[in-house]
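Peer 1: Any chance you can model this:
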Amino acid sequence: MSTPFSIDSADLRGAIAKACEVTATIDDPGKVADALVTFSQAKALDYKTAIVRGGRGSGKSFWWAALQREEHRRWITNTLGAKLSPADNLEVIPGFGISVRTESYPSPRVLGNLTKDHSSHLEDIWTTVLLKQAIPQETSPYHGMNTWADRVKWTADNVEIVEGLILALVKRLEDQNAHLLIAFDGLDRLGSTWEEIRPLARSILRFSLQLQSFSRIRAKVFLRPDMFDDPQIVAFPDASKLLDGHACLDWSPVELYALFFQRMANADHEEAAKAFRDGTIQILSSNGFLPAKWENKENVWGLPAPIKAEAKAQREMFHALSGGAMSHNQKSVKRGYPYTWLPNHLADSHGEISPRSFLAALREAAAVEPPSNTSLPLYFTGIQQGVSAASQTRVKEITEDYPWVGEVMGALNARINVPCDQSDIFSIWEHEDVFSTINRSKGSDADEFSAKLGPTFSPQNQTEGLFENLIRLGIFSRQKANRVQMPDVYRVAFGIGRKGGIPPIRQTLH
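Peer 2: Next up, the predicted model:
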């Protein structure tokens with residue numbers, strides 16, 4: 001099968017693998033061209049939106065880092081324009097994040113000590129973080145102080161002076177027609193146990209609410225779903241004023257493919273990037289789409305409208321890379337179309353797909369060489385292997401976030417096939433005594449298991465509560481008559497079988 005791309009398929013495949021790499025540097029959001037900005041994300045990126053809810057791999061840390069870069073903020077503004085609230089001369093500073101920036105905010109160990117000394121007014125910590133970065137060093141009240149303990153103590157001891165400093169900062173921003181945003185991410189890293197994390201996370205939300213009284217200073221908090229739903233974090237007066245206006249970092253299949261296409265159009269391999277752009281115009285023209293062209297703004301190639309927003313146009317584009325069927329026989333679509341098959345097998349039980357998983361699957365697919373009788377850069381067997389690799393990554397991530405998941409799902413490895421009866425799962429858990437296993441493995445963190453199980457867990461019905469939490473995490477879904485199904489993005493790496501599905505990875509997860 002010939003392709004419209006005027007480049008060797010091996011070179012194009014290499015460019016795909018490179019374009020789908022995700023930067024491993026926490027503070028580095030990568031190239032501006034790697035940041036797809038869509039209208040559905042406008043609320044999440046808006047200056048006035050305080051809470052952004054997003055799961056693992058949805059882009060929270062990416063946008064936290066990108067918002068701190070002038071070139072990325074300019075690209076966001078140029079793309080979304082009137083969709084955003086006016087925020088001229090915006091400066092973004094970090095309030096807390098995964099990376100260690102002791103000059104900008106306290107480390108988790110330091111926060112542990114500060115919590116002991118300022119437990120009744122933890123917001124003083126974040127006020128100090130804000131003022132230390134926003135006030136010039138020569139006029140800073142913290143000048144000459146070398147520890148966070150000294151700085152936060154000064155803030156706590158000088159309440160009226162601090163209030164005056166904040167008002168003076170607002171006045172300066174007004175005079176300069178400027179805005180200031182303090183961004184928070186990685187709140188699960190605030191401490192080593194939930195007992196430490198919850199009060200600090202709650203104080204960040206309370207601090208964000210306080211800042212809403214100032215038009216020139218706002219906070220943006222990137223929050224995991226379990227923390228967003230945790231009553232011990234969000235239960236404080238007027239919390240609804242923050243939570244009701246939250247945004248979600250959700251990605252539709254169309255947006256995910258647009259992200260991939262934009263990365264390809266701006267690939268570091270310029271020959272491949274040009275071949276992709278030229279091939280795109282040929283594909284759109286030959287399939288009857290409106291005349292489209294690529295536009296380069298600030299050294300970023302923006303997508304032609306059809307492949308940014310139209311599933312039909314995207315399908316033609318992707319199938320020019322992958323072939324039109326998930327089969328050796330390209331005339332048989334019994335097993336599905338690659339364009340729809342890939343996102344369908346990467347979605348969790350809530351239908352959510354992370355861009356990290358999507359790019360990981362394509363990167364792995366590009367590492368698989370197609371048969372010699374095709375000139376396609378991607379092939380359906382590679383796409384299947386891509387889903388297997390993405391499943392392993394996703395399972396690794398969720399067991400890092402929720403250690404107990406590895407224990408309860410490890411007990412099911414190679415023991416069940418889905419769909420199955422709920423009672424089959426419960427019987428295995430009871431036979432394996434998973435609760436005792438978890439209790440033995442939680443070590444010194446006595447709060448780890450009960451806290452991360454969440455509000456549906458109760459000692460009276462442990463097994464049912466455990467299962468409800470797995471449903472909330474998107475690992476299982478209920479069907480009729482207590483039948484249970486499981487999405488491939490978790491099923492494969494957890495070693496669970498399904499008739500006719502991608503073979504599971506049989507291994508011990510304990």
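Peer 1: Domain ranges for the chain, per the record?
Peer 2: 22-248, 252-390, 402-491 (automatic domain parsing).
Peer 1: got the end-to-end distance for the second one?
Peer 2: Between the opening and closing residues of domain 252-390 there is a gap of 17 Å (Cα to Cα, to the nearest Å).
Peer 1: With the last one instead?
Peer 2: The first and last residues of domain 402-491 sit 17 Å apart, counting by Cα to Cα.
Peer 1: picking that back up, kindly reformat the domains of the chain as CSV containing distance to Gly497, mean neighbour count and mean pLDDT.
Peer 2: Bear in mind the C-beta positions are built from the backbone N, C-alpha and C, glycine included. Output for those, formatted as CSV (distance: least, Cβ to Cβ, whole Å; neighbours: other Cβ atoms under 10 Å; pLDDT from 0 to 100):
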stretch, distance to Gly497, mean neighbour count, mean pLDDT
domain 22-248, 25, 18, 92
domain 252-390, 14, 19, 93
domain 402-491, 4, 17, 80
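Peer 1: Any chance of TSV for those domains, columns distance to Asp8?
Peer 2: TSV is the format used below for these (distance: least, Cβ to Cβ, whole Å):
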stretch	distance to Asp8
domain 22-248	23
domain 252-390	9
domain 402-491	32
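Peer 1: who wins for proximity to Thr3 among those?
Peer 2: domain 252-390 (5.6 Å; Cβ to Cβ).
Peer 1: Off-centre distance for that closest one?
Peer 2: 21 Å (Cα atoms, centre = their mean, to the nearest Å).
Peer 1: can you check stretch 65-75 too?
Peer 2: On Cα atoms, centre = their mean, the centre of stretch 65-75 falls 17 Å from that of its chain.
Peer 1: returning to what we had before: quick one, which of the domains of the chain is nearest to Ile16?
Peer 2: domain 252-390 (4.1 Å).
Peer 1: out of the domains of the chain, nearest to Asp11?
Peer 2: domain 252-390 (5.8 Å).
Peer 1: can you tell me how far Pro141 sits from Arg73?
Peer 2: As judged by Cβ to Cβ, to the nearest Å, Pro141 and Arg73 stand 29 Å apart.
Peer 1: hmm, I was thinking of Ser252
Peer 2: 24 Å.
Peer 1: cool, and Gly336?
Peer 2: Distance from Gly336 to Arg73, by Cβ to Cβ: 40 Å.
Peer 1: ok, now Ile98?
Peer 2: For Ile98, the distance to Arg73 - Cβ to Cβ - is 20 Å.
Peer 1: dump the residue contacts of Ile307.
Peer 2: 257-258, 261, 280, 284, 292, 313-314, 317 (Cβ atoms under 8 Å, 6 or more residues apart in numbering).
Peer 1: residues in contact with stretch 355-372?
Peer 2: Against stretch 355-372 from outside (Cβ under 8 Å, 6+ apart): 9-10, 13-14, 16-17, 20-22, 56-59, 251, 256, 259-260, 263, 322, 328, 342-343, 346, 376-379, 381-383, 385-390, 393-394, 489.
Peer 1: try it again with 6 Å
Peer 2: Residues from elsewhere that reach stretch 355-372 (Cβ atoms under 6 Å, 6 or more residues apart in numbering): 13, 16-17, 20, 22, 57, 251, 256, 259, 346, 376, 378-379, 382-383, 385-387, 389-390, 393-394.
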